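Student: Please work out how this folds:
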Amino acid sequence: MDEGANPDHEPLPRLYRRWLDRLLGAPLRREKKANCSQCPMCRAGDTAALEVYRPDVKCCTYTPKLPNFLVGSVLSDAATDERTRAVLTARIEDASSASPLGLRAAPLYRLVYEAAKAQGFGKLESLACPYLTISATGGQCGVWNHRNSACSTWFCKHIDGPHGAAVWREVESLLRRVESLLSLWACFRLGLSARTLAELRAEVEADSAARVTGELLGTWEANTAKLWSDWSGDKLGFYRESFALIDALSWADVLALGGAELSVQAEALAALVQAQRGHPPSGLQLGSFRIQPAGSGTFILVTYSRTDCVAVTRAELAALATTPDDSSRVEEHLRRSMSPEKLAALISIGVLITRERQAYSPQSLHGGML
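Tutor: So this is what the prediction gives:
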């Protein structure tokens, strides 16, 4: 995290923070419930989640796809530690992971990940990110200041519950489109031919079984070496130059490169964020939720996520069950049975919703265009 960073603003990577601040007019609010240095998902018996993660791997049981310019950003950063630099360099030399477009999980890893993620996410060390330094006191990310769209926008818990999650999903979708666009544009600017770019796109979309077979047989390098063109002897230099090109772009430049589709998606995100910022809560009513018995007279209420829940007592659950239809009386009714903190938590995850929260959604703002 940057020294002196505003504690109320989400510490996004520098490039993405610069572009999003320009688009949205102000930094995105920090997700204070999701603290990576003190992972809330690693507390045994935590009643705010139905999952418990291992403290040494946390949610980093995933290998992110780093576009070429973010790889170059890591390499160009003097603060990058030696372990991360060594891991990155080794992966660049691994043809099953590296291409001019960037670094991604090797085909065999992706096959294992898809099979194991449902039960193993947050738990299996074998799925751990290669840039994670694993220790008993908690893993540390070596590319934190250069995270990709997925790692920058995924949170186990949200201060604004399902509505906060909706905003971050839209941010991730926008940044993912930007990463795909700019990594290809950087390849073009660095001299890769139109034919090579077409082969790169085909390589990205290649059948997964063929990728796994190529990795196991060691034939992938011969198949992909030609894609580097004149840069085959200086892959590290290629990534650094990619970063230099992208780092010079303003948000207006990015929009110009992305055309109408990116502009529409950006405006939809801006409208969603503005709607979220502009509605003070009022008029509570019950939302939709599931009840999970937790023993000893305790129940876990689940709405949008298994990782962001609220535990209630039998008396608190009974109060929810007798919530009056008149929304103006709901808060007064519930305060007789629960603390203000518990009431705020129920509002946060959407057990209780406001009239304003029903007035907008990502789908309605997109208008079906995306």
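
Student: any weak-confidence spans in this structure?
Tutor: 1-5, 44-48, 204-209, 218-223, 278-282, 355-370 (pLDDT under 70).

Student: try 80 this time
Tutor: Residues of the chain meeting the criterion pLDDT under 80: 1-6, 43-49, 135-138, 201-225, 275-283, 354-370.

Student: quick one: buried residues of the top helix by length along it?
Tutor: Longest helix in the chain, counting residues (DSSP state H): helix 161-189. Neighbour counts using 16 or more other C-beta atoms under 10 Å place 161-168, 170-187 of helix 161-189 among the buried residues. Using the backbone N, CA and C atoms, a C-beta is placed for each residue, glycine as well.

Student: Distance of N148 relative to L111?
Tutor: 21 Å (C-beta to C-beta, to the nearest Å).

Student: Looking at those two, which one has more neighbours?
Tutor: Just comparing N148 and L111: by other C-beta atoms under 10 Å the higher neighbour count belongs to N148, 22 against 16.

Student: sec struct for T137, please.
Tutor: Following DSSP: H, G, I helix; E, B strand; the rest coil, T137 is assigned to coil.

Student: Now do the contacts for it.
Tutor: By C-beta atoms under 8 Å, 6 or more residues apart in numbering, the contact list for T137 reads P55.

Student: And stretch 88-101, how far out from the chain middle?
Tutor: 22 Å (C-alpha atoms, centre = their mean, to the nearest Å).

Student: what's the first-to-last distance across that stretch?
Tutor: End-to-end distance for stretch 88-101: 15 Å, by C-alpha to C-alpha, to the nearest Å.

Student: Flag every buried residue along that stretch.
Tutor: Judged by neighbour count using 16+ other C-beta under 10 Å, the buried positions of stretch 88-101 are 88, 91-92, 95-101.

Student: So which of the residues you listed belong to helices?
Tutor: 88, 91-92.

Student: what does stretch 17-37 contact?
Tutor: So stretch 17-37 is contacted by 6-12, 40, 58, 138, 141, 155-160, 164, 167-168, 171, 178, 250-252, 254, 266, 269-270, 273, 308 (C-beta under 8 Å, 6+ apart).

Student: try it again with 6 Å
Tutor: Residues outside stretch 17-37 that contact it (C-beta atoms under 6 Å, 6 or more residues apart in numbering) are 8-10, 155-159, 251, 266, 270, 273.

Student: how's this protein carved up into domains?
Tutor: For the chain, whose domains are defined here by automatic domain parsing, the residue ranges read 14-277, 285-357.

Student: With distance to T354 as extra columns, can I get the ones in helices among the buried residues of stretch 88-101 in TSV?
Tutor: Listed next are those as TSV, based on distance: C-beta to C-beta, whole Å:
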residue	distance to T354
L88	46
R91	47
I92	50
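
Student: which of the buried residues of stretch 88-101 lies closest to S229?
Tutor: P100 (8.0 Å; C-beta to C-beta).

Student: Looks like the closest one contacts F188 (just checking).
Tutor: No. Contact criterion C-beta atoms under 6 Å: P100 and F188 do not qualify, at 10.2 Å.

Student: follow-up on the earlier one: what's the distance between the longest helix of the chain and the middle of its chain?
Tutor: When C-alpha coordinates are averaged (C-alpha atoms, centre = their mean), helix 161-189 and its chain have centres 10 Å apart.

Student: Then stretch 334-347?
Tutor: The answer for stretch 334-347 is 30 Å, by C-alpha atoms, centre = their mean.

Student: cool, and stretch 138-148?
Tutor: The chain centre lies 13 Å from the centre of stretch 138-148; the measure is C-alpha atoms, centre = their mean.

Student: next one: stretch 158-168
Tutor: For stretch 158-168, the distance to the chain centre is 12 Å (C-alpha atoms, centre = their mean).

Student: cool, stretch 137-155 as well?
Tutor: 9 Å.

Student: Can you give me the buried ones in it?
Tutor: Buried-residue list, stretch 137-155, by 16+ other C-beta under 10 Å: 138-143, 145-149, 151-155.
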